[in-house]
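**Q** model the following, please.
(chains A and B)
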Amino acid sequence: MNWAWLDRNTDQIVSWLIAHFWLALIPTVVGLLLALPIGALAHRYRWSYATLITLAGLLYTVPSLALFVVLPAILGTRILDPLNVIVALTLYTLALLVRVVADALDSVPPLVVQSASAMGYRPLKSLINVQLPLAIPVIGAGLRVAAVSNVSLVSVAALLGIPQLGQLFTVGFQLDFATPIIAGIVLCLLLAALFDVAIQLIVRFSTPWQRVVKSR
Amino acid sequence: MINFQSVSKVYPDGTPAVEDLTIEIPTGKITVFVGPSGCGKTTSLRMINRMIEPTGGVVLIDGQDTRSIDAPTLRRGIGYVIQNAGLFPHRTVLDNIATVPVLQGQSRRAARAAAGDLLARVGLDSAMGSRYPAQLSGGQQQRVGVARALAADPPVMLMDEPFSAVDPVVRAQLQDEFIRLQSELGKTIVFVTHDIDEAVKLGDQIAVFAVGGRLAQFARPADVLSRPSDDFVADFVGRDRGYRALSFVVSEDLPVHDEPTLTLGQAVPAGAGSAAEGIGDAHGQWLLVVDEQHQPRGWLDCLRVPQGHRVSVNDLVLGGSLAGPDASLRTALDAALSSPSGRGVAVDGDSKVIGTVAARDVLAAIEQSRGAGGDQPPPQAEPAESADPFRKAGAAT
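**A** Residues are numbered from 1 along each chain as shown, chains lettered A, B, ... in the order given. Have a look, this model is predicted:
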């Protein structure tokens, strides 16, 4: 480990870390927001479930590098535009979470859904106020996978030269120098852990009823 | 009043759930839909608040076609207690109860305050208000379910097997409280159950459904038991229907025999347990033990305790059921049969012992009531003749 090198490049590394953070966070949040209505559709209309889940699965198999390269042509962006990365990762998150949201909504006890309807909830209000809150634990579990996978996928964009922690790997390989590579791995792991813990905390505080059951 | 006019429901796959149902559900009474599974009783219930739409016929509430009312609005005006309570797991008890008032536009604050009052009404401690459903027992959840259905003070309540998921002791308790609550509220209630005993206990009217959604009989509970309309109903109400029918005959003129009693803490008298001396054979082996308030605590087996022993609760064999004032012949007979001494304990309105009833007297009373009514079973016996000491009872006690 060459601490002096790290010390000299701290400013650069921190700016990459911050960029990496945003490049992973924005797709996670936007992907979730898009997955909610689409997942709800797949849940509500059985016939759409198979189609939507298959489409999402296919989308997920497109290699990320290919997507990074193709998107500029579709979006009309420059190849180095971070927007490409954000759009690509949003699509992956969406692909992953559509199924999660649909299955999470399916897991809400039917009796509770019937009960909401019998109380006079309209379908949309029942979805937002009753079913979605009850689906949070399952959605949260899926979101953790998506977030961590986004942190790792962002580094692939280093091959295109978009500044983020992946640059540490390119630099390390080019210079045949281990320090930046180790630093990159450690920072990626820390960032992934940060996302993971944050999501767990959000789930925990938005589902107080789950805690009382466990502590009983 | 709720009217079903030639209502039918056929599912898209062709399965008929309800077949040409015409029934008039009276205002302010409990009407029970009873029948085996697959008989369309729940389907019929759900057609009232349009959770299921009929494929034929109309459902009217106070003369208004339910189809003319927007379904969610209609439902907010009808209380619904679902199986297993169906509470919202993510809301506290108070917020669960406040559901419908909030949907109707009341402020959350006002709705919660009203929910607090309802808690007491259904027999729950106000401390329960801030708990989540998972922290309550099954019986407590059912009470919350009833409170939630009552929150908007709807004139009509639909109850779908509300007490089926709790154990028999709690169920009996919930049923008793439900009867008490209904006597205060006088709602129009439609109650679905597969349990004929529950139907007989709670219903002012019983609609017996047969498999395939046919209404087999619609009558008072006593009539369903004593005069089943066909083989299906006779079969469904079961073998014990003659015995159950006794629930509707009040035992007010049964002879009550004097019963010597011993108060807790007193010494067992000399000669107790032997018919020859002391107390005599009036009590024989068994001595009824009461507490300071003269309420029955149990029976003492005199052969198992020494003379002069101060009797405590631990010495007692618990008695069976009690025959209170206005008890039915069924209760009186059960009190006699379930007592270890064979003598049923009769109590007054304050649960104080007034004596005992004997099984032979109950049987004689049954004979007498049958005789007075000719070939009619007890519930149809006309009470006009002086020989008939019984009056009609409309509902189970």
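**Q** okay, CA-based contacts and neighbour counts for the rest of this
**A** OK.
**Q** with adjacent residues omitted, what lies nearest to whatever residue of chain A ends up closest to chain B?
**A** Residue nearest to chain B within chain A (C-alpha to the nearest C-alpha): A:Gly120, separated by 4.2 Å. Nearest non-adjacent residue to A:Gly120, counting by C-alpha to C-alpha, 6 or more residues apart in numbering or on different chains: B:Pro72, 4.2 Å away.
**Q** what does A:Ser126 give?
**A** Spatial nearest neighbour of A:Ser126, excluding adjacent residues (C-alpha to C-alpha, 6+ apart): A:Ala116 at 6.3 Å.
**Q** so how far is stretch A:196-204 off the chain centroid?
**A** Centre-to-centre, stretch A:196-204 and its host chain are 13 Å apart (C-alpha atoms, centre = their mean, to the nearest Å).
**Q** is any residue of that stretch near chain B?
**A** No. Counting by C-alpha under 8 Å from any C-alpha of the partner chain, chain B is not contacted by stretch A:196-204; separation bottoms out at 12.5 Å.
**Q** put the alpha carbons of that stretch into PDB.
**A** The C-alpha trace of stretch A:196-204 is given here as PDB (Å, rounded to 0.1, in the frame of the first residue of the first chain):
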ATOM      1  CA  ASP A 196     -27.300  -1.100   2.300                       C
ATOM      2  CA  VAL A 197     -27.500   0.200   5.900                       C
ATOM      3  CA  ALA A 198     -29.300   3.300   4.800                       C
ATOM      4  CA  ILE A 199     -32.000   1.300   3.100                       C
ATOM      5  CA  GLN A 200     -32.300  -1.000   6.100                       C
ATOM      6  CA  LEU A 201     -32.800   2.000   8.400                       C
ATOM      7  CA  ILE A 202     -35.400   3.600   6.100                       C
ATOM      8  CA  VAL A 203     -37.300   0.300   6.100                       C
ATOM      9  CA  ARG A 204     -37.000  -0.100   9.800                       C
END
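**Q** buried stuff in that stretch?
**A** For stretch A:196-204, a neighbour-count test (16 or more other C-alpha atoms under 10 Å in any protein chain shown) marks A:Asp196, A:Ile199, A:Gln200, A:Val203, A:Arg204 as buried.
**Q** hmm, back to that, now for the residue nearest to A:Gly120: which residues touch it?
**A** B:Pro72 sits next to A:Ser117, A:Ala118, A:Met119, A:Gly120, A:Tyr121, A:Arg122 when contact means C-alpha atoms under 8 Å, 6 or more residues apart in numbering or on different chains.
**Q** show me what the host helix or strand of A:Leu36 packs onto, helices and strands only.
**A** Element membership of A:Leu36, judged by DSSP states H and E, is helix A:10-44. When contacts are defined as 3 or more C-alpha pairs under 8 Å, 6 or more residues apart in numbering or on different chains; DSSP states H and E, helix A:10-44 packs onto helix A:46-61, helix A:82-106, helix A:132-154.
**Q** could you give the angle of the first one to helix A:10-44?
**A** What that stands for is helix A:46-61. 160 degrees (axes from the mean of the first three to the mean of the last three C-alpha atoms, to 10 degrees).
**Q** among the buried residues of stretch A:196-204, which lie within helices?
**A** A:Asp196, A:Ile199, A:Gln200, A:Val203, A:Arg204 (DSSP state H).
**Q** list the contacts of the first one.
**A** This means A:Asp196. Per C-alpha under 8 Å, 6+ apart, neighbours of A:Asp196: A:Arg144, A:Ala147, A:Val148.
**Q** find the closest residue to chain A in chain B.
**A** For chain B, C-alpha to the nearest C-alpha, closest residue to chain A: B:Pro72, 4.2 Å.
**Q** run through chain A and note the low-pLDDT ranges.
**A** Residue ranges of chain A with pLDDT under 70: A:213-216.
**Q** helix, strand, or coil at B:Phe209?
**A** Three-state call for B:Phe209 (DSSP: H, G, I helix; E, B strand; the rest coil): strand.
**Q** doesn't B:Ala216 make contact with it?
**A** Yes. With contact defined as C-alpha atoms under 8 Å, B:Phe209 counts as touching B:Ala216 (5.4 Å).
**Q** compare these two (neighbour count), which wins?
**A** Ranked by neighbour count (other C-alpha atoms under 10 Å in any protein chain shown), B:Phe209 and B:Ala216 place B:Phe209 first, with 27 against 17.
**Q** gap between the more buried one and A:Asp81?
**A** 70 Å (C-alpha to C-alpha, to the nearest Å).
**Q** before we move on, what about B:Leu150?
**A** 60 Å.
**Q** of the two, who's got more company?
**A** B:Leu150 (25 against 14).
**Q** what's around the closest residue to that one other than its chain neighbours, how many residues?
**A** Leaving out its chain neighbours, the residue that sits closest to B:Leu150 by C-alpha to C-alpha, 6+ apart is B:Gly79, at 6.1 Å. Residues within reach of B:Gly79, counting by other C-alpha under 10 Å, total 29.
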